[in-house]
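K.L.:
just a sequence and a predicted model for now, questions to come.
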Amino acid sequence: MNQPIEQGTSENIQKAALFMVLLNAFTTPVMLSAANVALPEIARDLNIHAVMLSWIPMAYLMASAMFVLVFGRLADMYGRKRIFILGTSSVIVTSLLAAAAPNGELLITARFLQGVSAAMLYATQIAIVSSVFPPKLRGHAIGLTVSMIYLGLTFGPAAGGYLIEFSGWRASFVLHIPLAIIVLLMAIFKVKGEWQSDQPGKFDARGSVMYALTILSLCIGVAGLPETYAIIILLAGMAGMFLFFYYAHHTTDPIFDVTLFFTNRTFTRSSIASLIIYTATFANVVLIGLYLQYLQDMGPARAGLFMMIQPLTMAIFSPIVGRLSDRIEPRVIATIGMLFTAMGLAMLALLNGNDTLPYLASALVITGLGFSLFSSPNANAIMSAVEKRYYGSASGSIATMRVLGQMSSMMLVALVFALFIGQVEIVPENFDSLEQSIKLCFFIAALLCLPGLYFSIARGKIHS
């Protein structure tokens, strides 16, 4: 028997569901960010070159992007909690596989499977929150969820860095498992009821395959540039994206209801702005980790502490901003956030190996403040712009834009590394190329925020 979606949901179920989602929102980023600080140790232990190293985070993000729509649709059809439980169980198993990987190829495979598991969680977190809370409380609940995500991103590098320094890089892949087990037990025994769409429709298998192959082609194509085969695959991926949108717009019950993009200006421009800011900012933690451990010669533990600065800033301000977005026009707050993000990224683009650490810390604080000003109001704008029967699809869209942006951010890193470093190990002889590559990535990211400013301010009003 399904729980009614808003007013009929009891306060006890609201509290239990929120606690479950918040703990998961903390746990999943720990899994992601702890692995990022381990990259230099993985490269040394498994003899991985620069381009393959970039695939360790990118395989995870690629898989999440390929499947988040699939699981968002399945969650609408068969139950959001059911998919959430399956995702949590799968995360535990695939994390153990990653920790046991004997070489780079199998580690990348395990990371891909981790990404598939995480897609189930990305597709259901905001949908569950939106299902159990009424509109007047939703912004605050979303803000808390976003805050926990960034607390996870804060805790991951610090705890992972210490584990890596004393126990090796494999420990970073099991750090989150105890928390994931708690989430799983809560979902099974404490959160009663189930939530799904009132109009589930049919599953779009053809569109799902088309979309997944498109994402796969784009990633492989970018990572392989400038080789001829890569250019062909990349062009095929671009064509596939256009064909997917055409197909989805002209079919019944598509995997991704792109009609919202053609009929809902607020939804469309908010989604594009989200895609842009995630593309601009996600690779920061990877690039800063490489900068500190290679160019500043820091150990993983100290580097992990330093990498806490940006996500900690996000975690502090996100719930405050989420509450404000229930009363103040979200587009104003989000646009100011996009501007601050651009400023912080521009500062990072001017980094060099001799810069003082306080300068780097200041840039990370400004970038983190900008992102926290943007993220919660933008998510609130998207969820407030659609009817409640589209909560699953809209939540899937938020997750899709986030994961596509994160994937695009790592695609940018993979492309720059392929063009300026190549398939060689990162050794002192290549540090100049590494430094220039890092600065170029930040410069491109700052420029990306310029169109982001337009889409954020031009989205239209949410509050009347």
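P.N.:
Structure's in. What do you need?
K.L.:
where does pLDDT dip in the stretch 1-150 of the chain?
P.N.:
1-10 (pLDDT under 70).
K.L.:
hmm, 50 instead?
P.N.:
Low-confidence segments of the stretch 1-150 of the chain, defined by pLDDT under 50: 1-8.
K.L.:
where do the helices sit along it?
P.N.:
Here the stretch 1-150 of the chain has its helices, by DSSP state H, counting those that start in this stretch, at 11-37, 39-46, 50-78, 80-99, 104-122, 125-132, 135-167.
K.L.:
any chance of those in CSV, plus distance to Gly193?
P.N.:
The way it works is simple: take the backbone N, C-alpha and C, and place the C-beta from them, glycine included. Formatted as CSV, these follow (distance: least, Cβ to Cβ, whole Å):
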stretch, distance to Gly193
helix 11-37, 6
helix 39-46, 41
helix 50-78, 14
helix 80-99, 8
helix 104-122, 19
helix 125-132, 9
helix 135-167, 17
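K.L.:
just these: most buried one?
P.N.:
Highest mean neighbour count among those (mean count of other Cβ atoms under 10 Å): helix 125-132, with a mean of 28.
K.L.:
what's that helix packed up against?
P.N.:
With contacts taken as 3 or more Cβ pairs under 8 Å, 6 or more residues apart in numbering; DSSP states H and E, helix 125-132 sits against helix 11-37, helix 50-78, helix 80-99, helix 135-167, helix 357-384, helix 391-420.
K.L.:
got a pLDDT number for the residue nearest to Thr27 when sequence neighbours are not counted?
P.N.:
Spatial nearest neighbour of Thr27, excluding adjacent residues (Cβ to Cβ, 6 or more residues apart in numbering): Leu179 at 4.3 Å. The model reports Leu179 with a pLDDT of 92.
K.L.:
repeat that for Tyr454.
P.N.:
You'll see Tyr454 listed with a pLDDT of 91.
K.L.:
which ones are touching it?
P.N.:
Neighbouring residues of Tyr454 by Cβ atoms under 8 Å, 6 or more residues apart in numbering: there are none.
K.L.:
for Met238, same thing?
P.N.:
Applying Cβ under 8 Å, 6+ apart, the residues contacting Met238 are Leu218.
K.L.:
what's the helix or strand for it?
P.N.:
helix 228-249 (DSSP states H and E).
K.L.:
in that helix, what counts as buried?
P.N.:
Buried residues in helix 228-249, defined by neighbour count with 16 or more other Cβ atoms under 10 Å: Ala230, Ile233, Leu234, Gly237, Gly240, Phe244, Phe245, Tyr247, Ala248.
K.L.:
equivalent analysis for stretch 419-433, please.
P.N.:
Quick answer for stretch 419-433 (16+ other Cβ under 10 Å): Phe420, Ile421, Ile426, Asn430, Ser433.
K.L.:
dump it to PDB, keeping only the CA atoms.
P.N.:
The C-alpha atoms that make up stretch 419-433 are tabulated as PDB, following Å, rounded to 0.1, in the frame of the first residue of the first chain:
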ATOM      1  CA  LEU A 419      46.500  16.800 -25.100                       C
ATOM      2  CA  PHE A 420      49.100  18.200 -22.700                       C
ATOM      3  CA  ILE A 421      50.500  15.300 -20.700                       C
ATOM      4  CA  GLY A 422      49.600  12.100 -22.700                       C
ATOM      5  CA  GLN A 423      49.900   8.500 -21.700                       C
ATOM      6  CA  VAL A 424      52.900   8.800 -19.400                       C
ATOM      7  CA  GLU A 425      53.200   8.500 -15.600                       C
ATOM      8  CA  ILE A 426      53.200  11.700 -13.600                       C
ATOM      9  CA  VAL A 427      56.800  12.100 -12.600                       C
ATOM     10  CA  PRO A 428      58.800  15.300 -11.700                       C
ATOM     11  CA  GLU A 429      59.900  15.600 -15.400                       C
ATOM     12  CA  ASN A 430      56.200  16.200 -16.200                       C
ATOM     13  CA  PHE A 431      55.300  18.500 -13.400                       C
ATOM     14  CA  ASP A 432      55.400  21.600 -15.600                       C
ATOM     15  CA  SER A 433      52.900  20.100 -18.000                       C
END
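K.L.:
any idea how far Ala35 is from the residue nearest to Leu324 when sequence neighbours are not counted?
P.N.:
Spatial nearest neighbour of Leu324, excluding adjacent residues (Cβ to Cβ, 6+ apart): Ile333 at 6.3 Å. Applying Cβ to Cβ, to the nearest Å, the value for Ile333 to Ala35 is 32 Å.
K.L.:
and if you look at Leu419?
P.N.:
Distance from Leu419 to Ala35, by Cβ to Cβ: 25 Å.
K.L.:
how about Ala158, nearest residue that isn't a chain neighbour?
P.N.:
Gly304 (4.6 Å).
K.L.:
helices and strands around whichever strand or helix holds that neighbour, which ones?
P.N.:
In the assignment (DSSP H and E), Gly304 maps to helix 300-306. On a contact count with 3+ Cβ pairs under 8 Å, 6+ apart, helix 300-306 meets helix 11-37, helix 135-167, helix 357-384.
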